[in-house]
Structure formats: C-alpha cells, structure tokens
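[1] next one to model:
(chains A and B)
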Amino acid sequence: MSPIKFTIEKELSGTLARAGVITTPHGDIQTPAFVTVGTKATVKALTPEHVKGLGAQVVLANTYHLYLEPGEKIMREAGGLHNFMNWQGPTMTDSGGFQVFSLGAAFNAKVGKLSKVAQEEMTIPEEVDEEDKAGKLAKIDEDGVTFKSYKDGSEHRFTPERSIEIQHAIGADMIFVFDECTSPMASYEYQRKAMERTHRWAKRCLEFHEESKLQNEKQGLFGIVQGGRHRDLREESARVLGAMDFAGYGIGGSFDKDDMDKAVGWVNAILPKEKPRHLLGIGEPIDLFGAVENGCDLFDCVAPTRMARNGSLHTSDGRININNARFASDFGPIDSACDCYTCKNYTRAYLSHLFRSHEMLAGTLASVHNLHFIISLVEKMRTAIFDGTFEQLKTEFIAQYYKK
RNA sequence: GCGUAGGUGGUAGAGCGGUCAAUUACAACAGACUGUAAAUCUGUCGCCCAUUGGGCUACGCAGGUUCAAAUCCUGCCCUACGCA
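    This is a model prediction of the structure:
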C-alpha cells in the first residue's frame, strides 16, 4: 500500500482546478504547491532553514545526480535523503529520465522543454535512428539507457528497475518511474515509439516497486505521462498509465509554449481524479496558472533558483535583471508587494552590489526571493480556488506581470 | 644626474614593419535561462554612417625613414627600479 494519500478539498467549477492535501510519511502538502528543486540533495545556495522559512513544503532531488555523486551506498548509509540533507519535510526524487533527454537528444542542442510552434517548423526533425547518437552522453534501448557520466566520462546503465532500486536507497516519499523525455523536435513516429516504451518501463517500475513490500509502504510511485505535443498520444498515455495503480502521476515531456495548458488539460481529464498530478519542470507564472486551472497539483522547476543565481528576479511587474545599471542606486526592495526575508531586509542596490562583486550571498538572497515569489503565488492560487476568485487572480496577476 | 626597463583601448596586459581598430582577461552594457553538466551561457564593447560594408581618429608627444609604422630612427616628456 502506498503511503501517499490525496484528499481533494475544493474544486473550481468550470475548470479542472482543485485544492487538496497530500499526506506523506514526512508531513502534508497543501496543494496546489510548488516543489522546490534540490537536485543534488541541496537547494542551491540555501540551507533547509531558508527553504522552510520561505514557505516550501516539499523538495525534489534527482536520482541520476545522487547516483553519480555521492552514490547510492552513501545515500543508504546516510539513512536516506531526509537525514542526509537535513530536510525533514516531504521529498520526491526524479527518476533520471529527464537526463536521458538533456544528456541525450538535447545534448549540445538548443532544445528546451517548451518550444514555439514557429521555431519548430523551421527545424529539421530529430533523427529517429537510435544508433546515431554520436557525441551524446546517453543511448537508449528497449531495456534501458546507457550513459556516460558528465563528471568523468565513465559508462553507466539505468534500467527502470535500477532507477527504482536507487530511488529506494535515496528514500524520498514520492518517487518517479524511469521515463524518456523526448525532444520537441522528434517526429511523431519517434514520440509514439518512445511513449510506448515509457509505458512498458512504467509497468516494470511499478512491478519492481510493489515487489519490494517494505519500500512500497514507505514510498509512493508516480507514473509519468508522455506523448509530446500530440493530443492523441497524450490521451493514450494518460489512459494507459491511469489504468495502472500509481500513487500519483507526473506529466512530463515537451510542449508547445502556447498551448501547454491545453495539453495538460487533455491529460488531466483522463487521469484518475483522486490521485495527485505533478507537472514536471514547469515554473513560469503564466504556465503555473494554466497548469493549476487544468488540474495539476504539484510543479517543480529549476527556473526560480537558477534565474535567481543569474540575477533575474521576479516582481509583481515582471522580471527584472538586477545586474542592470539602473538598480545600482535603487534603494527600494526587489518587489514592494513581497514579504520575503530578502525584500523585508535588503534593497535592490544591495543585491546589485552583491551580484557585481560576486558575493555568495547574492545567490542566496535572490533564491530566497524568487522561490518565495513562486511558492506564494501558487499558495495564492490555492486560496483563490477556495474563495472562487481564481479567474480574477489570474487576470490581474497576468495583466500586471506581463504588461509590457 | 648617470644606468636599466618601460609608456598600447575603462583596467591589466599581448603585439614588435603590412593579414591591427589592435589577441586575451577583467570591468562595463544588454540578453537568455522551465523534471539543474548552470554562482552558467550568449551578444556588444574607439567615433560616425551602413545590410554585406564604408569613412574618420587612434597604440606618451613631436618629427623622420618606408609603398606601408603600435611596431624602425631621432629628439622631447613622463614612470619604475638601480647607482650617485
């Protein structure tokens, strides 16, 4: 029996949006919720106290990275992820499937999870031939993926079973099946082929997980819907995976930038309603609104922390680049409407100075702010679902944030 | 005052007759970033026009040699270290 329980508390009529609570062995998650990314068992630049203090409920680490460093033996000896990183709240691990994409198909290419239709039409479709992956760090076959470590070039292999085994060692509350995240430039035929393989892998992951009774009682396994930008594939994926008894569902893969929310809706209309849904790797404000409205409960994204470290900060009036000359003598807060630690105590001028002088605190204060901004934005969406003011919140926020 | 080494774009520092408006780094000015190979990456960076391109002013100052000089010669002015 999975230890992950999901209770829907409120649904927003006319949409797929819902607010609820996910129960895990390490505490509850009020959804919708933004999941903080801590790939290598650390939210970059932040202590767990910071992370907790800015309102984060759950942290997502990565199987691929922790497998390479420090290795599953250390993770096991440490007593699992929670003990190792001193985060006692709910956790998740991604399976390493995304790395198959970022180190394989997308390696050295300018390909992201979201693509504009216009761009994509100008691009030559990705080579379907699996053999032709020269220079890339990952090769896929039916049984699994062989990849080279980005750290030392050594060769490794993940299969669905192996990924789950490592995730058992890491010990997060919620874990993901090993999937293949296809490139948005892949052909329809390849997307279908990859999706069907991902389904077979999902079944293997589930069987392997259920056989390990002990882990099955401690950790909930999430399936991952694929299918790229194609409605028929997405719906098929949702049906196939929805019929398997997962603790929850991830929605992965690539989307068209302009109708990601629609694609998410296709999937969530089919997935079992009573299971939590996690939209993988999405974290732009406008995308979060669309995803919540279309029935997603969880989201993780590196954007808030990565952008923070690069000086790109969220404000109610849109993003600013704190490195811009005009902020050097701006003694106001990053966002006067924000009540995060950084905004309450520091000025734009100070952040500007920290970034210009390459002080470590720059990344810390910026990460506190950006994460708080996104986490509290999703919290506001949750409240708005209860209040029935979601549409108003969305309209007003977007009008102000994207007004330029 | 004699000796030596030098004076190059915002800074440091390459170049040592043509391919030099001048390598590179830093700084500066912008941009990107969506399941983290990311405290990263990209672009611009003498002035004026221009789409490729063109014009102008530049390598301490002033002359000179040469078809051609940041690069060679002469003088001057500075700077650092050494000796008085």
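
[2] thinking A:Glu161 is in contact with A:Phe208, fair?
    Yes - assessed by C-beta atoms under 8 Å, A:Glu161 is found in contact with A:Phe208 at 4.6 Å. Every C-beta, even on glycine, is put in place using the N, C-alpha and C of the backbone.

[3] these two: which is more packed in?
    Per other C-beta atoms under 10 Å, whichever of A:Glu161 and A:Phe208 has more neighbours is A:Phe208, with 22 against 18.

[4] distance between the ends of stretch A:212-228?
    31 Å (C-alpha to C-alpha, to the nearest Å).

[5] what about it, near RNA strand B?
    Yes - shown here: stretch A:212-228 in contact with RNA strand B (C-beta under 7 Å from any atom of the strand) through A:Ile224.

[6] return the set of buried residues in that stretch.
    The neighbour-count check on stretch A:212-228 (16 or more other C-beta atoms under 10 Å) flags A:215-216, A:218-228 as buried.

[7] report the two of these separated the most.
    Spanning the widest gap among these are A:Lys218 and A:Gly228, at 33.2 Å by C-beta to C-beta.

[8] pLDDT (mean, whole number) over stretch A:25-38?
    Regarding stretch A:25-38, the rounded mean pLDDT is 98.

[9] dump stretch A:356-368 to CSV, restricted to CA.
    Extracted C-alpha coordinates of stretch A:356-368, given in CSV (Å, rounded to 0.1, in the frame of the first residue of the first chain):
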residue,chain,number,x,y,z
ARG,A,356,28.5,42.8,-9.1
SER,A,357,31.1,41.8,-6.5
HIS,A,358,30.2,38.1,-7.0
GLU,A,359,29.4,37.6,-3.3
MET,A,360,27.9,34.3,-2.4
LEU,A,361,25.1,36.0,-0.5
ALA,A,362,23.8,37.3,-3.8
GLY,A,363,22.6,33.9,-4.9
THR,A,364,21.2,33.1,-1.5
LEU,A,365,19.1,36.3,-1.1
ALA,A,366,18.0,36.2,-4.7
SER,A,367,17.0,32.5,-4.4
VAL,A,368,15.0,33.2,-1.2
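
[10] roughly how far is it from the heart of the chain?
    In terms of C-alpha atoms, centre = their mean, to the nearest Å, the centre of stretch A:356-368 is set 23 Å apart from its chain centre.

[11] touching RNA strand B at all, that stretch?
    Yes - shown here: stretch A:356-368 in contact with RNA strand B (C-beta under 7 Å from any atom of the strand) through A:356, A:358, A:360, A:363.

[12] columns secondary structure and neighbour count on top of those, output as CSV?
    Output for the residues of stretch A:356-368 next to RNA strand B, formatted as CSV (DSSP: H, G, I helix; E, B strand; the rest coil; neighbours: other C-beta atoms under 10 Å):
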residue, secondary structure, neighbour count
A:Arg356, helix, 14
A:His358, coil, 8
A:Met360, helix, 9
A:Gly363, helix, 21
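
[13] the stretch 301-404 of chain A against RNA strand B: which residues are in contact?
    So the stretch 301-404 of chain A meets RNA strand B at A:301-303, A:305-307, A:309-312, A:321, A:323-326, A:328, A:356, A:358, A:360, A:363 (C-beta under 7 Å from any atom of the strand).

[14] can you give me the strands for the stretch 251-400 of chain A?
    For the stretch 251-400 of chain A, the strands defined by DSSP state E, counting those that start in this stretch cover A:255-256, A:277-279, A:298-300, A:312-315, A:318-321.

[15] if we can go back for a sec, save the residues of stretch A:356-368 next to RNA strand B as CSV, and put in distance to A:Pro285 and pLDDT too.
    Formatted as CSV, those follow (distance: C-beta to C-beta, whole Å; pLDDT from 0 to 100):
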residue, distance to A:Pro285, pLDDT
A:Arg356, 27, 97
A:His358, 28, 96
A:Met360, 27, 97
A:Gly363, 21, 98
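
[16] okay if I get these as TSV plus distance to A:Glu9?
    Shown next, in TSV, are these (distance: C-beta to C-beta, whole Å):
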residue	distance to A:Glu9
A:Arg356	46
A:His358	46
A:Met360	41
A:Gly363	36
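
[17] which one of these sits closest to A:Leu46?
    Of the residues of stretch A:356-368 next to RNA strand B, the one sitting nearest to A:Leu46 (C-beta to C-beta) turns out to be A:Gly363, at 8.8 Å.

[18] wait, what's in contact with the closest one?
    A:Gly363 makes contact with A:44-45, A:308-309, according to C-beta atoms under 8 Å, 6 or more residues apart in numbering.

[19] and those residues, which of them are in helices?
    A:308-309 (DSSP state H).

[20] out of the contacts of A:Gly363, which are buried?
    Here, 16+ other C-beta under 10 Å leaves A:44-45, A:308-309 buried among the contacts of A:Gly363.

[21] among the residues you listed, which pair sits farthest apart?
    A:Lys44 and A:Ala308 (8.9 Å).

[22] identify the contacts common to the two.
    Residues touching both A:Lys44 and A:Ala308 by C-beta under 8 Å, 6+ apart: A:363, A:367.

[23] nearest to RNA strand B: which residue in the stretch 201-350 of chain A?
    A:Gly281 (2.2 Å; C-beta to the nearest atom of the strand).

[24] model confidence for that residue, exactly?
    We have a pLDDT of 96 for A:Gly281.

[25] now for it: which residues touch it?
    Contacts of A:Gly281 by C-beta under 8 Å, 6+ apart are A:98, A:113, A:252, A:300-302.

[26] run the last query once more with 6 Å
    When contacts are counted by C-beta atoms under 6 Å, 6 or more residues apart in numbering, A:Gly281 touches A:113, A:301.

[27] same question for A:Leu365.
    A:342, A:346.

[28] apart from its neighbours in sequence, what residue is nearest the residue of the stretch 51-200 of chain A at minimum distance from RNA strand B?
    Relative to RNA strand B, the nearest point of the stretch 51-200 of chain A is A:Cys181 (2.3 Å; C-beta to the nearest atom of the strand). Among residues not flanking A:Cys181 along the chain, A:Phe101 sits closest, at 3.8 Å (C-beta to C-beta, 6 or more residues apart in numbering).

[29] for A:Asp245, see how far away that neighbour is.
    26 Å (C-beta to C-beta, to the nearest Å).

[30] who has more neighbours out of these two?
    A:Phe101 (24 against 12).

[31] I appreciate the help and will end here.
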